[in-house]
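Quick one, fold the following:
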Amino acid sequence: MTFAAGLLAAIAAPTASAKDAVLAGLVPCNGASWEMPALPTRPGRPPGVCEGAAKRRRQGVDSPTGLRRFLHAIWHIELEAIDLACVLSLRGSGMPAEFHADCVRVAREEVVHAGLLETWLTANGHPPGSEPVHHRLWDAAVACRDLGEQLVVVPRFLEARGLDVNAGLLPRVTDPGAHAALERIYRDEIGHVGTGTRWHRWWCDRQGLDPEAHFAAVVHADFADQLPSPWALDRPGRVAAGFTEGELAILAGIPAPVPSLGPPT
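A predicted model of the protein is given here:
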């Protein structure tokens with residue numbers, strides 16, 4: 001199995017553990033190249049997990065029902081994050097082996113996150129599949145035009161927003177097991193976003209682009225309707241993940257000239 005074929009197999013695998021079994025055997029080669037393959041409409045999912053609109057959470061995480069529904073949503077986000085890391089690596093044909101190793105490492109850490117939440121949900125009578133899930137994150141990643149855009153869209157916007165959500169909700173989660181899982185996810189996600197920041201800057205340097213200007217162009221092109229962010233920015237977490245003051249200002253909706261994205265590369 002080639003490295004690219006292995007990434008596709010991990011995406012198609014139905015569960016976090018099945019995805020991890022594929023990822024464990026993948027060894028990236030420096031500068032390996034391939035044609036970007038066609039991506040599936042939907043990644044593999046466990047039997048009984050269906051797509052649809054989840055029930056509206058009328059109760060917050062400080063209630064047992066609200067917490068179960070929230071963690072079910074986070075479980076699927078973590079499962080989706082495994083697939084998104086694989087797509088990121090697939091977009092990186094010709095990239096250094098270190099880039100692909102980082103993508104696989106991130107994917108396998110997302111496996112751990114999904115497993116922690118699956119264990120908690122099952123123990124609390126709300127196992128995966130208890131509610132419908134959505135694939136908006138997958139759709140956003142698939143729609144990206146190139147590696148640089150996905151480095152902004154996925155780790156530096158969507159996953160970084162998870163830092164904001166987690167930082168705001170963690171103090172309200174009193175269940176010990178749930179709190180421990182979310183705290184582990186928060187710590188690891190700072191590293192994941194930081195990895196995205198580092199490779200985004202590397203990619204921009206090779207393309208002769210200013211990273212902050214490229215970040216602004218992608219965010220305004222893809223998420224203009226979500227600025228300013230509806231969540232309070234987790235400044236400590238984002239700064240630890242490499243965000244600049246200029247990028248934080250963009251997310252806060254502070255007006256500034258926005259360059260064009262230009263043609264895909």
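
after whichever strand or helix holds residue 166, next one along is what?
For residue 166, the host element (DSSP states H and E) is helix 160-169. Downstream of helix 160-169, the next assigned helix or strand under DSSP H and E is helix 176-207.

That following helix - contacts with which helices or strands?
helix 64-90, helix 97-123, helix 147-151, helix 160-169, helix 211-223, helix 235-240 (3 or more C-beta pairs under 8 Å, 6 or more residues apart in numbering; DSSP states H and E). The C-beta positions use only the backbone N, C-alpha and C, and glycine is treated the same way.

CSV for those helices, including mean neighbour count?
Converted to CSV, the helices and strands packed on helix 176-207 look like this (neighbours: other C-beta atoms under 10 Å):
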stretch, mean neighbour count
helix 64-90, 23
helix 97-123, 20
helix 147-151, 25
helix 160-169, 20
helix 211-223, 20
helix 235-240, 16
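
Tell me, please, where in the stretch 51-200 of the chain the pLDDT is lower than the cut-off.
Applying pLDDT under 70 to the stretch 51-200 of the chain flags residues 54-59.

quick one, what contacts the closest residue to residue 198 other than its chain neighbours?
The shortest distance from residue 198 to any non-neighbouring residue, by C-beta to C-beta, 6 or more residues apart in numbering, is to residue 242 (6.8 Å). Taking C-beta atoms under 8 Å, 6 or more residues apart in numbering, we find residue 242 in contact with 193, 194, 197, 198, 201.

you'd agree residue 242 is in a helix?
No. Going by DSSP: H, G, I helix; E, B strand; the rest coil, the assignment for residue 242 is coil, not a helix.

quick one: pLDDT of it?
We have a pLDDT of 98 for residue 242.

how much space between it and residue 158?
According to C-beta to C-beta, to the nearest Å, residue 242 and residue 158 sit 16 Å apart.

Then residue 180?
From residue 180 to residue 158 the distance is 24 Å (C-beta to C-beta).

Among those two, which residue is more densely surrounded?
Per other C-beta atoms under 10 Å, whichever of residue 180 and residue 158 has more neighbours is residue 158, with 21 against 13.

My read is that the more buried one contacts residue 136, right?
No. Contact criterion C-beta atoms under 8 Å: residue 158 and residue 136 do not qualify, at 9.0 Å.

so how many other residues sit close to the closest residue to residue 32 other than its chain neighbours?
Leaving aside its sequence neighbours, residue 32 sits nearest to residue 3 (C-beta to C-beta, 6+ apart; 6.0 Å). Using other C-beta under 10 Å, residue 3 is surrounded by 17 other residues.
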